[in-house]
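**Student:** Sequence and predicted structure below; questions after.
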Amino acid sequence: MWGLRTAAHSVCAIPASRISGSRAVRCQPDYTTKEMPHGSIQDQHVLADRRDLLEPSPDVRRAINGARERETQERRQCLPWRPSPSTWTWLVMEWSRFARTPECRPLRSRPGRCHQMAMSAAIREAIADATKEGKLRPNAVDSLTGKNSGNNLGEGAPVIHFEQWEKDEVEVRLILKGGGCENKSIQYSLPAELPYLGRADRNIDGVRNASCTQCGRHRVMVAASVQSAWQSAETGRPAITMPKSSSSERSMTSIRFPIWRSWNNTSWTSQHAGNRTMDSGKGNPDRLQDRSISPAPASFFVSVAYDCWAFRRLGVVLDPSTGAIRRWLYKEDTRL
Amino acid sequence: VKMARGEGLPITGREIRLTLPLDEVQVRALKVGDVVLLNGPMHTGRDSLHHYLLTHDSPVPLEGSAIYHCGPVSLKRGDKWFINAAGPTTSSREEPYQGDLLRKFRIRAVIGKGGMGGKTLAALKEVGAVYLNAIGGAAQYYTRCITDVSGVDFLDFGIPEAMWHITVKDFPAIVTMDAHGNSLHAEIEHASARELSHHAERVTL
């Protein structure tokens, strides 16, 4: 009995905003057949339900609602000019627009089983379709020629991760996130002299320089001491990735909390119209999970990446033999 | 829910309604914190266009115009282009170009997200131009301000990087860098730096 897990990233855009796509698919083949089953899981399962895809996740909506309350008070202190209407009004109107998007379609489930290549093909096909419809912006650009493929497909676009697992079901997760986050992510090599912080040693102490100069953040991802080739994949996960060390278990806990505390205490944030509380991941330690991987010994790069508030995600758990949807992920009925 | 149902921007009367193209006097009268509503033609541009314009002429006159840092989602129906999404993109990417382009083309307004740096700020002051911050992520809202797509140049740069010529109605933005050397982005950065320095203590394992 064995399964698969998949995750993918690409930089696309849906009409709502700049969005980059990231998918994770976990699948468990029909082990009763004793062979890798064939068939396709149409990714349209996820892309078909436009309305939910285009809506921010429930946790983001909750955070924004909370922040809106706080900002009513804080705005006067933060903003010397008191713009009206508030940023929140604009954002919420934005969401109401998503809900009315005429391309919302009812969900259809299709029969299928788990086959990595078939799933990859279906995902790529769905990406191309969504791009053709104007749901995603064509964002796959050849880095040598500068040529835009026009359909969001290319080498490494979208990035798809598969991972086997033991469960008798297939999990498909889709994340679309703001492309702007990508170019404001940072990477540096330790030891280094960090602005305002001083010397950052060649250890966890150096993992402290995260900044965001545009949209409000949703979650922050830090990867430390991994080879640079790993950085993008590792920072794409909601985890802080750190080198294995002799005192691993205890130190993970003690490392996590100082970093998290610092993060929560800082309101230096977004240059987004001056608002300061738009950090929807804030206050939720679950967003900072630590995970240990083994780096090359001479490598101590630190990467800091984040998702902005405008990211979208959706997921389904499928029956591996029929492709029917067993349940939805990230769908709480808490609309604004 | 109340706000979600809102059909448009509630106008308070304190906004400054501007018609593009702008002249220097209008622009120098603006100061950081002003909320403006833009009306008229503007042009989108990202990295490819900024790079190109450094060494080439513009296909359209840019004097007094507004450059919108934006890579839209566009669809062609028949002969006509429509924009499906047009939110601001990260302006700091254009920092190496913007000041030179402001001087070269006498552009009066730069619209984007996240603000720009010292080089641009100096050029804004010298030329008489402003940086207008739009809300990152609110692409649908801004799309509704677009009343017409009059044309496109450099489609070979790809849809996001092409120069889209659009007409807007009451496009809202906040002046965050003015022609007098003021930058709210710089202020926020300084405030952030002060807070960050409070977290300079070492992490002990």
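**Tutor:** Yep, it's here.
**Student:** switch to C-alpha atoms for all contacts and neighbour counts from now on
**Tutor:** Noted.
**Student:** What is the neighbour count of residue B:80?
**Tutor:** Using other C-alpha atoms under 10 Å in any protein chain shown, residue B:80 is surrounded by 11 other residues.
**Student:** Per-residue pLDDT of it, please?
**Tutor:** At residue B:80, the pLDDT value in this model is 93.
**Student:** before we move on, what about residue B:107?
**Tutor:** 97.
**Student:** Export stretch A:137-157 to PDB, keeping only CA atoms.
**Tutor:** Taking C-alpha atoms only, stretch A:137-157 is exported to PDB below (Å, rounded to 0.1, in the frame of the first residue of the first chain):
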ATOM      1  CA  ARG A 137      -2.200  35.600 -17.000                       C
ATOM      2  CA  PRO A 138       0.400  34.100 -19.300                       C
ATOM      3  CA  ASN A 139       3.400  34.300 -17.100                       C
ATOM      4  CA  ALA A 140       5.800  31.600 -18.300                       C
ATOM      5  CA  VAL A 141       8.800  33.300 -19.800                       C
ATOM      6  CA  ASP A 142      11.900  31.700 -21.100                       C
ATOM      7  CA  SER A 143      14.700  33.200 -19.100                       C
ATOM      8  CA  LEU A 144      17.100  33.000 -22.000                       C
ATOM      9  CA  THR A 145      15.000  34.400 -24.900                       C
ATOM     10  CA  GLY A 146      12.500  36.400 -22.800                       C
ATOM     11  CA  LYS A 147       9.800  34.800 -24.900                       C
ATOM     12  CA  ASN A 148       6.400  34.300 -23.200                       C
ATOM     13  CA  SER A 149       5.000  30.900 -24.000                       C
ATOM     14  CA  GLY A 150       1.500  32.500 -23.900                       C
ATOM     15  CA  ASN A 151      -0.100  29.500 -22.200                       C
ATOM     16  CA  ASN A 152       1.700  29.400 -18.800                       C
ATOM     17  CA  LEU A 153       3.400  26.200 -19.800                       C
ATOM     18  CA  GLY A 154       7.100  25.800 -20.000                       C
ATOM     19  CA  GLU A 155      10.100  24.300 -18.400                       C
ATOM     20  CA  GLY A 156       9.300  24.300 -14.700                       C
ATOM     21  CA  ALA A 157       5.900  25.900 -15.200                       C
END
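**Student:** Please identify the buried residues of stretch B:80-100?
**Tutor:** B:81-100 (16 or more other C-alpha atoms under 10 Å in any protein chain shown).
**Student:** Okay, and which of those residues map to strands?
**Tutor:** Judged by DSSP state E, these include B:81, B:82, B:83, B:84, B:85 as members of strands.
**Student:** Just give the closest residue to the first one, not the sequence neighbours.
**Tutor:** Nearest in space to residue B:81, with sequence neighbours left out and distances taken as C-alpha to C-alpha, 6 or more residues apart in numbering or on different chains, is residue B:75 at 5.7 Å.
**Student:** does the one you found belong to a helix or a strand, and which?
**Tutor:** Using DSSP states H and E, residue B:75 falls within strand B:73-77.
**Student:** Where do the domain boundaries of chain A fall?
**Tutor:** A:5-176, A:180-308 (automatic domain parsing).
**Student:** Which helix or strand in the chain has the lowest average pLDDT?
**Tutor:** Just so you know, I chose chain A. The weakest-scoring helix or strand in chain A, judged by mean pLDDT, DSSP states H and E, is strand A:17-27 (a mean of 33).
**Student:** Now do the contacts for residue B:43.
**Tutor:** For residue B:43, the contact set (C-alpha atoms under 8 Å, 6 or more residues apart in numbering or on different chains) comprises B:65, B:66, B:67, B:68, B:163, B:164, B:165, B:166.
**Student:** just to revisit the earlier point, quick one: work out the angle between the strand holding residue B:75 and strand B:80-85.
**Tutor:** With axes from the mean of the first three to the mean of the last three C-alpha atoms, to 10 degrees applied, the angle from strand B:73-77 to strand B:80-85 works out at 150 degrees.
**Student:** Name every strand pairing with strand B:73-77 and say which way it goes.
**Tutor:** strand B:80-85 (antiparallel) (DSSP bridges).
**Student:** May I have the strand it pairs with as PDB, with CA atoms only?
**Tutor:** Taking Å, rounded to 0.1, in the frame of the first residue of the first chain, the C-alpha atoms of strand B:80-85 are listed here in PDB:
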ATOM      1  CA  LYS B  80     -11.000  44.300 -29.900                       C
ATOM      2  CA  TRP B  81      -8.900  43.800 -26.900                       C
ATOM      3  CA  PHE B  82     -10.500  43.500 -23.400                       C
ATOM      4  CA  ILE B  83      -8.700  43.700 -20.100                       C
ATOM      5  CA  ASN B  84      -9.800  41.000 -17.600                       C
ATOM      6  CA  ALA B  85      -7.500  42.100 -14.800                       C
END
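**Student:** so where's chain A shaky on pLDDT?
**Tutor:** A:1-57, A:59-61, A:63-115, A:175-186, A:202-313, A:323, A:332-336 (pLDDT under 70).
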